[in-house]
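**Student:** Sequence and predicted model, in that order:
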Amino acid sequence: MSLGPYASYIVTAYLLVAAVVAILIGWIAIDYRRQKQQLGELDAAGVVRRSGRSAAEII
Amino acid sequence: MTLIDLANPTRFLTLTSRVLPWLAGLTFVLLLIGLYQSAMAPDDYQQGATVKIMFIHVPNAWLSMFVWGVMSLAALGTLVWRHPLADVAAKAAAPIGACFTFLALATGSLWGRPMWGTYWEWDARLTSVLILFLMYLGLIALWRAVEDPSRAARAAAVLTLVGAINLPIIKFSVDWWNTLHQPASVLRLGGPALDRAFLIPLLVMAVAFSLLFVTLHLAAMRNEILRRRVRALQVKQASQRMA
């Protein structure tokens, strides 16, 4: 597969999309971990939900 | 499970935990197929290999508008039906939509340089998409500036609905004004103007990116529900300490 004289534009475009999508996935995954960690800390401190369920119980 | 059942955040989280792994897997497989087909697609007789940028530019451009459409529906859910998850959906979608819009602009720019001889031109299509990107950033800033989520939700919902006026302007800008950007070649009267060799990889990539959005959106909504739960429990903890 030859990309011709404009290969740098094509490769840059694909790499940019891959990088931004990877950052988006990483950001959402880190955010999820952070929220779970905070719920775990609240659970350890004895704070329970209105329903009486543990803070760390996600579903 | 009916739609009304999803109004309960705990039920929504249960559904999300079941669906997300399957959606992520399906998205990954479709992206691999789409990338393979994009790599194998022939060169265009005029544009050469740069036509391969189309397979990532068009799905991102389509999603930049689709995500605002989803946010507009969510805004109606907030203002009219007061659905408990509507503002969660809108807030979670905004950063994802901003990323897709940025990628549409950046990949379009990288495609424009070899084809038009310039990275940027202040024509109707490019400028209206840039405005869409700035509106996404404005909404994200609004969500961050107002501490009370319900107040922020109403203000953001109004802004989202006003911003939806930009969607038909983006879509029809290439018909209403003289622009460097080419007119619609997939969604148009008379059917797609693209050859099957380009159309099929483009559609596969469009479906793959749409599934990517659904996956990321559900995951971001789950995070937002948990963030609100953390906030409520922190308030409860603080009031227990005061008592």
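**Tutor:** Yes, it's here.
**Student:** Quick check: chain neighbours aside, which residue is closest to the closest residue to chain A within chain B?
**Tutor:** Closest contact between chain B and chain A, by Cβ to the nearest Cβ, is at B:L226 (3.8 Å). Backbone N, C-alpha and C define where each C-beta goes, glycine included. Leaving aside its sequence neighbours, B:L226 sits nearest to A:Q35 (Cβ to Cβ, 6 or more residues apart in numbering or on different chains; 3.8 Å).
**Student:** what's the nearest residue to A:Y6 if we skip its chain neighbours?
**Tutor:** B:P114 (4.3 Å).
**Student:** In chain A, which residue sits nearest chain B?
**Tutor:** Nearest to chain B in chain A, going by Cβ to the nearest Cβ, is A:Q35, at a distance of 3.8 Å.
**Student:** what residues are up against the residue nearest to A:Y6?
**Tutor:** By Cβ atoms under 8 Å, 6 or more residues apart in numbering or on different chains, the contact list for B:P114 reads A:Y6, A:Y9, B:T50.
**Student:** mean confidence for the helix or strand encompassing B:A208?
**Tutor:** In the assignment (DSSP states H and E), B:A208 maps to helix B:196-242. Here helix B:196-242 scores 92 as its mean pLDDT.
**Student:** Counting by contacts, list what it packs against.
**Tutor:** Applying 3 or more Cβ pairs under 8 Å, 6 or more residues apart in numbering or on different chains; DSSP states H and E, one finds that helix B:196-242 contacts helix A:7-44, helix B:9-40, helix B:54-76, helix B:86-116.
**Student:** In JSON lines, list these along with mean pLDDT and distance to B:A243.
**Tutor:** Formatted as JSON lines, these follow (pLDDT from 0 to 100; distance: least, Cβ to Cβ, whole Å):
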{"stretch": "helix A:7-44", "mean pLDDT": "95", "distance to B:A243": "17"}
{"stretch": "helix B:9-40", "mean pLDDT": "94", "distance to B:A243": "27"}
{"stretch": "helix B:54-76", "mean pLDDT": "96", "distance to B:A243": "37"}
{"stretch": "helix B:86-116", "mean pLDDT": "95", "distance to B:A243": "30"}
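**Student:** Burial check on the spatially closest residue to B:D123 that is not a sequence neighbour, number of neighbours?
**Tutor:** Among residues not flanking B:D123 along the chain, B:T179 sits closest, at 4.1 Å (Cβ to Cβ, 6+ apart). By the criterion of other Cβ atoms under 10 Å in any protein chain shown, B:T179 has 17 neighbours.
**Student:** Now for B:T179: which residues touch it?
**Tutor:** B:T179 neighbours (Cβ under 8 Å, 6+ apart): B:D123, B:A124, B:R125, B:L126, B:S173.
**Student:** Mind doing that once more with 10 Å?
**Tutor:** Contacts for B:T179 (Cβ atoms under 10 Å, 6 or more residues apart in numbering or on different chains) come out as B:E121, B:D123, B:A124, B:R125, B:L126, B:T127, B:S128, B:S173.
**Student:** Could you find the closest non-adjacent residue to the fourth one?
**Tutor:** In other words, B:R125. In space, and not counting its chain neighbours, B:R125 is closest to B:H181: 4.0 Å by Cβ to Cβ, 6+ apart.
**Student:** Pretty sure the one you found sits against B:S173.
**Tutor:** Yes: if you go by Cβ atoms under 10 Å, B:H181 and B:S173 touch, sitting 7.7 Å apart.
**Student:** Overlap in contacts, those two.
**Tutor:** Common contacts of B:H181 and B:S173, defined by Cβ under 10 Å, 6+ apart, comprise B:D123, B:A124, B:R125, B:L126, B:V129.
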